[in-house]
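S.K.: 3D, please:
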Amino acid sequence: MKKVIAVGEQAPDFNLKDNRGNMVKLSDYLGQKVLLSWHPLAWTEVCAKQMLSLENNFAEFTRLNTVPLGLSVDAYPTKNAWAKHLQIANVKLPADFWPHGGVAKEYGLFREVEGFSERANVIVDENGKVAWVKIYPIPELPDINEVLEVIKNL
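M.R.: The predicted structure follows:
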């Protein structure tokens, strides 16, 4: 596995289909911060709570000039059904489905044995550089307040 992307590195660009079938390209967000919130798999309890924490704090992300994205290796129809089930209306959930986990691999976040990504948060600054990276144990829900505090201090 490639080593985990480091603070200060240029964030690899990507162009992924989101839960609504629209393309999401990281470089389209230059001038804004982007939170890449990686979750292992849709339809699991901690992943649902992680994505709902993004949705529930969407107004705060907007106020902080930050775009939250919820990435996983699930296919976009799966992410669409899941987002509807969770009532996620604002946050985009890009599907790193094909090539399977390709973007997670570029970021050094793909777990080859399990076939899904780490649970991780990566903050990309307005210039497309990685400003913060944190990997969490798979069963642990990331602390959204910690993430928001990091964004405020960038």
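S.K.: Enumerate every residue touching Asn153.
M.R.: Contact analysis of Asn153 by CB atoms under 8 Å, 6 or more residues apart in numbering lists nothing. Every C-beta, even on glycine, is put in place using the N, C-alpha and C of the backbone.
S.K.: Next one, pLDDT for it please.
M.R.: pLDDT for Asn153: 97.
S.K.: Work out the gap between stretch 117-129 and the centre of the chain.
M.R.: The chain centroid and the centroid of stretch 117-129 are separated by 7 Å, computed with CA atoms, centre = their mean, to the nearest Å.
S.K.: which one in this structure is furthest away from the centre?
M.R.: Centroid-distance maximum for the chain: Val113 at 20.6 Å, with CA atoms, centre = their mean.
S.K.: Check whether that residue sits in a helix, strand or coil.
M.R.: Applying DSSP: H, G, I helix; E, B strand; the rest coil to Val113 yields a three-state assignment of coil.
S.K.: can you tell me how far the residue nearest to Lys152 when sequence neighbours are not counted sits from Ala95?
M.R.: Nearest non-adjacent residue to Lys152, counting by CB to CB, 6 or more residues apart in numbering: Leu64, 6.4 Å away. Distance, Leu64 to Ala95, by CB to CB, to the nearest Å: 25 Å.
S.K.: and if you look at Thr44?
M.R.: Following CB to CB, the distance that separates Thr44 from Ala95 is 16 Å.
S.K.: quick one, helices of this structure?
M.R.: 45-56, 58-63, 76-86, 102-106, 144-152 (DSSP state H).
S.K.: Out of these, the one nearest Leu16 is which?
M.R.: Nearest of these to Leu16, taken as CB to CB: helix 102-106 at 6.6 Å.
S.K.: what does the closest one rub up against?
M.R.: Everything outside helix 102-106 that qualifies as a contact, by CB under 8 Å, 6+ apart, is 1-2, 5, 12, 14, 16, 38, 71, 73, 96, 110, 116-118.
S.K.: from those, which two are the most distant?
M.R.: Taking CB to CB, no two of the contacts of helix 102-106 sit farther apart than Met1 and Leu16, at 20.2 Å.
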